[in-house]
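*Asks:* pasting the sequence and the predicted coordinates here, then a few questions.
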There are 2 protein chains.
Amino acid sequence: MEDLRSSRACCGLVPTAPTEDALRTIFVLTGRGDEVSTSVLARHLGVSPPTVSIMLKRLAEHGLVERTDHRATLTPHGAGHARHVVRRHRLLETFLVRVVGLAPHEVHDEADALEHAVSDRLLDRIDALLDRPTHDPHGDPIPRSGDAHVEGWGTRLADAAVGGEFRVERVQDWDAAALAHLDDLGVVPGLTLVVLERGPGGPLWVRFDGRDHALGESLTRLVHGREVHVDVLA
Amino acid sequence: MEDLRSSRACCGLVPTAPTEDALRTIFVLTGRGDEVSTSVLARHLGVSPPTVSIMLKRLAEHGLVERTDHRATLTPHGAGHARHVVRRHRLLETFLVRVVGLAPHEVHDEADALEHAVSDRLLDRIDALLDRPTHDPHGDPIPRSGDAHVEGWGTRLADAAVGGEFRVERVQDWDAAALAHLDDLGVVPGLTLVVLERGPGGPLWVRFDGRDHALGESLTRLVHGREVHVDVLA
DNA sequence: TCGGGGTATTAGACCGCTCTAACACCGGTG
DNA sequence: CACCGGTGTTAGAGCGGTCTAATACCCCGA
């Protein structure tokens, strides 16, 4: 398996699973507009802060990461690598749902493991088999090489204005349990719902499929999309 | 991704890719009747003899490998682990051919990388999707948990008697180029051919599909099967 | 202004994989 | 019998990942 990795080796960096995970996570986090600190990254990667500190130092030495004011950002070069990892991850998620038949909430962890082992050749076969998809099952855009890639998370359902329509575009996939719950309810990319009412700190009431649903803030913060202003409904 | 591995952790051993590869290789080599020495294993794994020496020492300390007279054999416990790795490898090969559409000669290296990353859950989905296959595309039996597994390599085409029929059951998959060539010719599991003539050190002449073919010894040593004694043809 | 809590890094340690170089052993041959 | 080639192991080193414990830093509040 080292052969597959070595084909991705570059700039003296050994593309191990932990470093690839770090690059991908920094990419997604910054794409979402978040600042990436050592501790935030450590939490996401499930390792201790010193481990991340050392990793970031190495990534910076290899020119993949820029460190300013205790924040980490990807250099253009690092972003290129990260995009490849993200592409592998999201393509695999799509494959696992559409071909293998896994549920959307099951695929993140699987893709997380497989993304480091899949070869470029196999990935291209999968891409072709799926007919070059542009988005994964959670609505996340799949980067294509040679493409300007925008993450574009839109607004969070948690921040949506009461009384308007909201079109779900992306659902964060980190928390499998929450994702499974949203999936069960039918909150998936493509759904348009009406934001009815927001209790202070309480759940957000929304309507879709002719029924009212209450969603806690821990859920509505995971749902991203676009507010649709339909004047005819006003 | 460590989560997936840790679910397979046992007896204090960290199931890293190199150790899993070693276990699988010892399993297949001994199943074929070969003796496993440090240097043979090093050649198969593509690492130096000292590396193997250290790995075998560790495997022996963990009770997975027995060392007698500079030969390595798997303990029952080690064989259990190895069978799981072999199962993952062969199931993945079958999947990659039947579902993804890769050619048989392409799948060994891919499966070699993926077998360390695939979770038990995903593997079972794949198994079900393929309808619980018993053999991979090269004719190798797929171990099933709770099954007495026999490798049963039969006789090599290189050793087959001249004048008889020979039914191909398995084709070794280590060498992708050789496998691609045999595949092109049509020498795949299930084929029955007639052994015509053996030149001393030269190629073996065989007949199938109404045509005669010459196969070098480097190829006929990779083809395993069963000699079929058909008296009516005599 | 001093202290405390949070954050980041460094220090020190261990594991596993890998290499080269050196050494040990064993068998055959001159 | 002594040497030589093959095989196997040990020694020593480096890298990457991981941890805990200790240290450095920074800001805010008492």
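*Replies:* All right, it came through fine. Residues are numbered from 1 along each chain as shown, chains lettered A, B, ... in the order given.
*Asks:* by mean pLDDT, which helix or strand of chain A comes out lowest?
*Replies:* helix A:2-6 (a mean of 49; mean pLDDT, DSSP states H and E).
*Asks:* that helix: what's the following helix or strand?
*Replies:* Using DSSP states H and E, the helix or strand that directly follows helix A:2-6 along the chain is helix A:17-31.
*Asks:* and the angle from the helix or strand just after that following helix to helix A:17-31?
*Replies:* As assigned by DSSP H and E, the chain's next helix or strand after helix A:17-31 is helix A:38-45. With axes from the mean of the first three to the mean of the last three CA atoms, to 10 degrees applied, the angle from helix A:38-45 to helix A:17-31 works out at 110 degrees.
*Asks:* residues of helix A:38-45 that come out buried?
*Replies:* By neighbour count on 16 or more other CB atoms under 10 Å in any protein chain shown, the buried set for helix A:38-45 is A:38, A:40-42, A:44-45. For the C-beta atoms, the positions are set from N, CA and C on the backbone; glycine is no exception.
*Asks:* equivalent analysis for stretch A:51-64, please.
*Replies:* Neighbour-count burial for stretch A:51-64 flags A:51-52, A:55-56, A:59, A:62, A:64 (criterion: 16+ other CB under 10 Å).
*Asks:* among these, which are in helices?
*Replies:* Among those, DSSP state H puts A:51-52, A:55-56, A:59 in helices.
*Asks:* within reach of DNA strand D, which of these are there?
*Replies:* Contacts with DNA strand D within these, as defined by CB under 7 Å from any atom of the strand: A:51, A:55.
*Asks:* each with direction, which strands does the helix or strand containing A:Glu66 pair with?
*Replies:* Using DSSP H and E, A:Glu66 maps to strand A:65-68. Within its sheet, strand A:65-68 is paired with strand A:71-74 (antiparallel), according to DSSP bridges.
*Asks:* quick check: angle from the helix or strand following the partner strand to helix A:17-31?
*Replies:* With elements assigned by DSSP H and E, the helix or strand that comes after strand A:71-74 is helix A:76-95. Angle of helix A:76-95 versus helix A:17-31, following the same axes, to 10 degrees, is 100 degrees.
*Asks:* can I assume A:Gly146 sits in a strand?
*Replies:* No: counting by DSSP: H, G, I helix; E, B strand; the rest coil, A:Gly146 falls outside a strand, being coil.
*Asks:* near it, how many other residues are there?
*Replies:* Residues near A:Gly146, counting by other CB atoms under 10 Å in any protein chain shown, number 5.
*Asks:* repeat for the one 3 residues further on
*Replies:* For A:His149, the count of nearby residues is 16 (other CB under 10 Å).
*Asks:* any figure for the gap between it and DNA strand C?
*Replies:* 26 Å (CB to the nearest atom of the strand, to the nearest Å).
*Asks:* so that residue makes contact with A:Gly80?
*Replies:* No: the criterion here is CB atoms under 8 Å, and A:His149 misses it with A:Gly80 at 10.1 Å.
*Asks:* and chain A, which residues reach DNA strand C?
*Replies:* A:2, A:37-39, A:49-50, A:52-54, A:56-57, A:67, A:70.
*Asks:* return the member of those nearest to chain B.
*Replies:* Using CB to the nearest CB, A:Glu2 comes nearest to chain B of the residues of chain A next to DNA strand C, at 8.2 Å.
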